[in-house]
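Asker: Here is my input, please return the structure:
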Amino acid sequence: MVSPAPIPAPTRESAGLRARLTIPVLAYCGILMAVMQTVVVPLLPDLPRLTGSSQATVSWMVTASLLSGAVLTPVLGRAGDMYGKRRVLLLSFALMAAGSVICALTSQIGILIAARALQGAASSVVPLSISILRDELPPQRRGSAVALMSSTVGIGAALGLPAAAMIIQYADWHVMFWATAVLGVTGVALIRWAVPESPVREPGRFDVTGALGLAAGLTCLLLAVSQGGQWGWGSTRIVGLFLAAVVVLGLWWRQQLRAERPLVDLRLVSRPSVGLAHVAALLTGFAFYANSLVTAQLVQAPKASGYGLGLSIVQTGLCLLPGGITMLLFSPLSARISEARGPRITLALGAAVIAAGYAVRIGNSHALWMIIVGATVVATGTTLAYSALPALILRAVPAAQTASANGVNVLMRTIGQATSSAAVAAVLVHHTSLVGSVPVPTLHGYLLAFGVAGAVALAAGAVALTIPGGPDSAAPGHPEPGLSDSDRHPGALKPAVPAVPGDPDPEDPRRARRAPRPVADEALEGA
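Answerer: Numbering: from 1, shown residues only. Predicted structure coming up:
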């Protein structure tokens, strides 16, 4: 593959400004992606009336985005490693903005669901951005920037719910999608202006067969997990989907091991430093998602239930807002802990804090201020855990595979969240009582859900402590975790290119190399 043509050097002033805005622009994109995922939640109770469809059909407004995001995140991550991370980031964000425009122009539920599936492409924003930060930032700035990028998922979710609720309450519901469309187009323009294209590429042909196989297997798996409660866990459809997922993913696994340039490097995943980080991501995603999911239902429960507060959706969003602010404030601290003790300790600490937050929720879920405190503690632990996960991946994989590896890590979080949603729904369905003539979950059901989430968080912490943390966990060609040759020797212009399985010569001239960018690097050092 021919290396891309070098980008003309900008002036010192423009390079300095763009370098300083790269991190804020990527953080903005991550927050907007998370906002996009949550804006439909306040609409769900009214969408059957607004679109003339059933509640079951309307639920696909969430499911479609979940499925497409889970499928596209590892695929677009791999495409970013091969064809340019900034290029694929622009594509994913443009698809999100296009989906918002389509949602703003229609009330047809079929078109709305298709547009939401289009928006799911934005789920790849975080792994692509983290990979860009690894390639562009000096080591002393990389940790805090990656921690902030990881926290944008929780920050955006906390901001999106109350903002969308207020728009829906005081304006037509289409206005909400027009707002996200404008923000999305703004994001595309900012990416084009402030985000540089990473010169780190992995040459080869894209694994189309692997992408289709992964898409089919994940669709069957996540569809079964997300719809099991509604269709019945013992129904023919759900059992058939689970069996199909096992067969398809098994065949996909075999194909990936034989492929010369696989979509997912399973030999890399099999290394403990990578595979255990993915397991921890799945468990952390499960534990994190139960917080906002259960809290929102608990505080909106009617007062006649004996424990509910009867809050509106806007008030519910405001209850979760302190957690989002905390995530923003604690992301620099998580980076410092990782630098001092290592990311696996940060991950274990974050999991322990999440469990402590659920212990607070179990101890007192009657007083509003205690509910907010417990939810904020869980959010704090999530910040620590989510900032450590990409740091573990960056230390353990070659530079040319960071986007795809982080995409798989985000995929595992998504599977964890989907599983959490199904588990919480199953617990609450089996613990209900009638308030008037309406079935409402009991307080015991909510406390049991908190207990399950806390136990899973402790399991995530135990897995974190088993992740290798020494130099042996570094990727081949990186004797110091997280550092390339250019990091250890500032005068070098060419970083070490890790060997790729099947490539006998890591110095093959076809492999991409970092081009000198002295002005931008100087601006980054001074930022």
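
Asker: how about the helices of the stretch 351-500 of the chain, start to end?
Answerer: Using DSSP state H, counting those that start in this stretch, the helices of the stretch 351-500 of the chain run over 368-396, 402-429, 443-466, 485-488.

Asker: I'd like to know which of these is closest to residue 126.
Answerer: helix 402-429 (6.0 Å; CB to CB). Heads up, the C-betas are built off the backbone N, CA and C, glycines and all.

Asker: Let me see the mean pLDDT of that closest one.
Answerer: Taken as a whole, helix 402-429 has an average pLDDT of 88.

Asker: If we go by neighbour counts, what in it is buried?
Answerer: Along helix 402-429, these residues count as buried under the neighbour rule (16 or more other CB atoms under 10 Å): 402-425, 427-428.

Asker: how does this protein divide into domains?
Answerer: 11-203, 207-262, 265-481 (automatic domain parsing).

Asker: Start and end of the shortest one, how far apart?
Answerer: Read that as domain 207-262. Terminal residues of domain 207-262 are spaced 6 Å apart (CA to CA, to the nearest Å).

Asker: Now the nearest residue to residue 418 once chain neighbours are set aside: which helix or strand?
Answerer: Distance criterion CB to CB, 6 or more residues apart in numbering; nearest residue to residue 418, sequence neighbours excluded, is residue 225 at 4.9 Å. If you go by DSSP states H and E, residue 225 is part of helix 208-231.

Asker: residues contacting the spatially most central residue of the chain?
Answerer: Central residue of the chain (CA atoms, centre = their mean): residue 410, 4.7 Å from the mean position. By CB atoms under 8 Å, 6 or more residues apart in numbering, residue 410 lies in contact with 73, 123, 124, 126, 127, 281.

Asker: next one: stretch 382-396 to chain centre, how far?
Answerer: 12 Å (CA atoms, centre = their mean, to the nearest Å).

Asker: Just the CA coordinates for it, please, in CSV.
Answerer: The C-alpha trace of stretch 382-396 is given here as CSV (Å, rounded to 0.1, in the frame of the first residue of the first chain):
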residue,chain,number,x,y,z
THR,A,382,-17.4,4.3,36.3
THR,A,383,-15.1,7.2,35.4
LEU,A,384,-12.1,5.4,37.0
ALA,A,385,-13.0,2.1,35.3
TYR,A,386,-13.8,3.5,31.8
SER,A,387,-10.6,5.6,31.8
ALA,A,388,-8.5,2.6,32.6
LEU,A,389,-9.9,0.2,30.0
PRO,A,390,-8.5,2.0,26.9
ALA,A,391,-5.2,2.6,28.7
LEU,A,392,-4.9,-1.1,29.2
ILE,A,393,-5.6,-1.7,25.5
LEU,A,394,-3.1,1.0,24.4
ARG,A,395,-0.4,-0.7,26.4
ALA,A,396,-1.0,-4.1,25.0
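
Asker: any idea of the mean pLDDT for it?
Answerer: On average, stretch 382-396 scores 91.

Asker: now swap in stretch 281-301 and tell me
Answerer: Stretch 281-301 comes out at a mean pLDDT of 89.

Asker: show me where pLDDT drops low in the stretch 251-400 of the chain?
Answerer: Within the stretch 251-400 of the chain, no range satisfies pLDDT under 70.

Asker: can you do 90?
Answerer: Scanning the stretch 251-400 of the chain for pLDDT under 90 picks out 259-261, 264-270, 288-321, 323-336, 338-340, 364-367, 387, 394-400.

Asker: What's the local residue count around the residue nearest to residue 351 when sequence neighbours are not counted?
Answerer: With sequence-adjacent residues excluded and distances taken as CB to CB, 6+ apart, residue 351 is closest to residue 461, at 3.3 Å. Residue 461 has 24 neighbours, counted by other CB atoms under 10 Å.

Asker: From here on, call the first residue 33.
Answerer: From this message on, residue numbering opens at 33, which makes the last subject residue 493.

Asker: Residue 493 against residue 387, yeah?
Answerer: Yes - between residue 493 and residue 387 there is a contact at 7.3 Å, judged by CB atoms under 8 Å.

Asker: Please report how far residue 276 lies from residue 250.
Answerer: To residue 250, residue 276 is 11 Å away according to CB to CB, to the nearest Å.

Asker: Excluding chain neighbours, what is closest to the residue sitting furthest away from the middle of the chain?
Answerer: Farthest-out residue of the chain from its mean C-alpha position, per CA atoms, centre = their mean: residue 468, at 40.0 Å. Once flanking residues are discounted, residue 468 sits nearest to residue 336: 7.0 Å by CB to CB, 6+ apart.

Asker: since we're on that neighbour, how many residues are nearby?
Answerer: Residue 336, neighbours per other CB under 10 Å, totals 11.

Asker: From residue 471, how far out is it?
Answerer: In terms of CB to CB, residue 336 sits 13 Å off from residue 471.

Asker: Also residue 213?
Answerer: Taking CB to CB, one finds residue 213 at 38 Å from residue 471.

Asker: which residue ranges form the strands in the chain?
Answerer: 464-467, 470-473 (DSSP state E).

Asker: Tell me which residues are up against the first one.
Answerer: Outside of strand 464-467, the residues within contact range by CB under 8 Å, 6+ apart are 334, 336, 337, 471, 472, 473, 474, 477.

Asker: Wait, residue 499 touches residue 307, no?
Answerer: No - counting by CB under 8 Å, residue 307 is not a contact partner of residue 499; they are 9.2 Å apart.

Asker: higher neighbour count, the two?
Answerer: residue 499 (25 against 15).

Asker: For the more buried one, grab phi and psi.
Answerer: phi -70, psi 130 (degrees, to the nearest 10).

Asker: my read: residue 130 touches residue 149, true?
Answerer: No - applying CB under 8 Å, one finds residue 130 not in contact with residue 149, separated by 11.6 Å.

Asker: Those two - which one has more neighbours?
Answerer: residue 149 (22 against 17).

Asker: ok now do that one, which residues does it touch?
Answerer: 96, 97, 99, 100, 131.

Asker: Greatest separation within the residues you listed: which pair is it?
Answerer: Spatially, the most separated pair among the contacts of residue 149 is 99 and 131, at 13.9 Å (CB to CB).
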